[in-house]
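**Q** Provided below for reference: sequence and predicted model.
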Amino acid sequence: MAGIMVILDFDKTIIEVDSDNWVVDEFGATDLFDELLPTMPWNSLMERMMKEMHANGKTIEEIKDVLKRIFMCDLRIVSDANMFFIETILDHLGIRNCFSEINSNPSFINGEGTLIISPYVDFLTSPHGCNLCPPNMCK
């Protein structure tokens with residue numbers, strides 16, 4: 001893959017919470033966590049918390065169940081490309097289902113096999129007046 005790389009943090013970016021704190025809070029271990037936090041580096045603290053949870057009978061499956069209840073952020077695409085191009089690429093990469101919504105210029109293949117691309121908003125009849133965006137789509 002060439003050129004562009006997008007890097008996202010996970011906690012409080014892709015998911016709405018901090019996953020470490022979520023697990024600790026869900027198992028009711030917040031007080032111990034808060035007590036140890038000033039005395040240890042974060043990773044050492046989390047390892048200690050996992051050992052504590054294991055000693056209290058919590059299994060890996062129970063930890064997985066807690067993590068599965070975390071909400072992901074809603075990922076959407078707003079693009080001045082077109083639906084055919086975007087959906088073709090996302091389907092090829094197997095990530096189409098990662099996005100809840102795609103807003104782009106509508107497109108379809110006509111009876112002759114030509115890709116027809118229409119503007120997202122008809123800028124001739126409904127101009128949005130924004131000088132920062134293309135005339136057919138205010139982002």
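**A** Ah, there it is. Quantities reported herein were computed from a predicted structural model and do not represent experimental measurements.
**Q** can you list the domain ranges for the protein.
**A** Listed domain ranges for the chain are 1-73, 74-138 (source: the TED database).
**Q** Could I get these in a markdown table, plus columns for mean pLDDT and mean neighbour count?
**A** C-beta coordinates here come from the backbone N, C-alpha and C atoms, glycine included. Shown next, in a markdown table, are the domains of the chain (pLDDT from 0 to 100; neighbours: other CB atoms under 10 Å):
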| stretch | mean pLDDT | mean neighbour count |
| --- | --- | --- |
| domain 1-73 | 94 | 12 |
| domain 74-138 | 90 | 13 |
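**Q** What segments of this protein are strands?
**A** Along the chain, counting by DSSP state E, strands occupy 76-82, 101-105, 107-109, 115-117.
**Q** which secondary structure elements does the longest one contact?
**A** The one in question is strand 76-82. Applying 3 or more CB pairs under 8 Å, 6 or more residues apart in numbering; DSSP states H and E, we find strand 76-82 packed against strand 101-105.
**Q** What pairs with the strand it packs on, parallel or antiparallel?
**A** Strand 101-105 sits in its sheet next to strand 76-82 (parallel), going by DSSP bridges.
**Q** Met83 is in contact with Leu106, correct?
**A** Let me fix one detail, which is that residue 106 is Pro and not Leu. Yes: using CB atoms under 8 Å, Pro106 is in contact with Met83, at 5.8 Å.
**Q** need the helices for the protein, in chain order.
**A** 19-26, 30-36, 42-55, 60-67, 83-93 (DSSP state H).
**Q** May I have the phi/psi pair for Gly111?
**A** Main-chain dihedrals, Gly111, degrees, to the nearest 10: phi -60, psi -20.
**Q** which residue of this protein sits farthest from its center?
**A** Glu112 (37.8 Å; CA atoms, centre = their mean).
**Q** Alright, calling it a day.
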